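Participant: just coords:
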């Protein structure tokens, strides 16, 4: 690998086409964190698609809180499954127990993100804040950059790709070799030097339009069948795989 390894730190899709596109974009690592998917399934997919050219690292973007006021947190290096639909406090306590790497995707964005108060409260647990997201308008990215600067926390970016063609639109270039999950976790925990890279111009705005269109679809009729309840989602706290461990912090 090159001395400067490029990582797309958050994608929602994984397939042969995604892997091919990632390689064409010069990526060395993808962090795969699909919605509402149990950790063992994510880990199995990551192993299946990893090869000598591209490392796939499993992660979970945990949906904390209720649908109307949910806060997303991205965790890497998890050793045990963790459900969605639990309190933010419960999720952060579990991340701490597992000594997970904690990243903040799309901070202060709408009602799906950690706000300034949350960021200050959990600053000591947060390993990096996303400062550029292709789905965002410039004002959203500026606000995220200001939050990272104010709290003096490391920055990162990702494509946050829900669509194959979005993979690689943004990536974090580390000034160190990232050749495994372990070395990525170490780089994030240590605040290793990095550079934020993303496409610009027409390609950037085509990507933004596509992802925003997907967001609208995801939050309209698709969301209607995502209303949580016992047995609805495999990442619901009531699922047997969690053995009742999260009953006291479940929000449904």
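Facilitator: Yep, that arrived. A quick note: this is a predicted structure, and the numbers were derived from the prediction, not measured.

Participant: I'd like to know how far residue 199 sits from residue 163.
Facilitator: As judged by Cβ to Cβ, to the nearest Å, residue 199 and residue 163 stand 14 Å apart. (Each C-beta comes from the backbone N, C-alpha and C, glycine too.)

Participant: try residue 63
Facilitator: Here residue 63 is placed at a distance of 20 Å from residue 163 (Cβ to Cβ).

Participant: And residue 128, by the same measure?
Facilitator: 24 Å.

Participant: Between those two, which is the more surrounded one?
Facilitator: residue 128 (23 against 17; other Cβ atoms under 10 Å).

Participant: In this structure that one contacts residue 157, no?
Facilitator: No. Using Cβ atoms under 8 Å, residue 128 is not in contact with residue 157; the gap is 9.7 Å.

Participant: secondary structure element for residue 131?
Facilitator: Secondary structure from DSSP states H and E places residue 131 in strand 128-132.

Participant: those helices in the stretch 151-252 of the chain, which residues are they?
Facilitator: 181-190, 201-218, 221-224 (DSSP state H, counting those that start in this stretch).

Participant: How about the stretch 1-150 of the chain?
Facilitator: 16-24, 39-49, 88-98, 116-121, 138-151.

Participant: Make CSV from the ones you listed and add mean pLDDT, distance to residue 6 and mean neighbour count to it.
Facilitator: Compiled in CSV, the helices of the stretch 1-150 of the chain are given as follows (pLDDT from 0 to 100; distance: least, Cβ to Cβ, whole Å; neighbours: other Cβ atoms under 10 Å):
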stretch, mean pLDDT, distance to residue 6, mean neighbour count
helix 16-24, 98, 9, 17
helix 39-49, 98, 17, 15
helix 88-98, 98, 26, 18
helix 116-121, 96, 26, 15
helix 138-151, 95, 19, 16
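
Participant: Same list, those helices, but as JSON lines with distance to residue 176 please.
Facilitator: Output for the helices of the stretch 1-150 of the chain, formatted as JSON lines (distance: least, Cβ to Cβ, whole Å):
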{"stretch": "helix 16-24", "distance to residue 176": "19"}
{"stretch": "helix 39-49", "distance to residue 176": "21"}
{"stretch": "helix 88-98", "distance to residue 176": "24"}
{"stretch": "helix 116-121", "distance to residue 176": "26"}
{"stretch": "helix 138-151", "distance to residue 176": "20"}
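
Participant: of all the ones you listed, which lies closest to residue 106?
Facilitator: helix 138-151 (7.3 Å; Cβ to Cβ).

Participant: what does that closest one rub up against?
Facilitator: Defining contact as Cβ atoms under 8 Å, 6 or more residues apart in numbering, one finds that helix 138-151 is touched by 106-109, 116, 119-120, 123, 126, 129-133, 136, 154-155.

Participant: cutoff 6 Å now
Facilitator: With contact meaning Cβ atoms under 6 Å, 6 or more residues apart in numbering, helix 138-151 is reached by 107, 108, 109, 119, 123, 129, 131, 132, 155.

Participant: ranking these by neighbours, who comes first?
Facilitator: Of all the contacts of helix 138-151, the highest neighbour tally under other Cβ under 10 Å goes to residue 107, namely 28 neighbours.

Participant: Could you report the distance from it to residue 156?
Facilitator: 11 Å.

Participant: Same question for residue 66.
Facilitator: 27 Å.

Participant: do residue 243 as well
Facilitator: According to Cβ to Cβ, residue 243 and residue 156 sit 33 Å apart.

Participant: got it, and residue 179?
Facilitator: 18 Å.

Participant: Who has more neighbours out of the two?
Facilitator: Legend: neighbour count by other Cβ under 10 Å for residue 179 and residue 156, higher for residue 156 (27 against 14).
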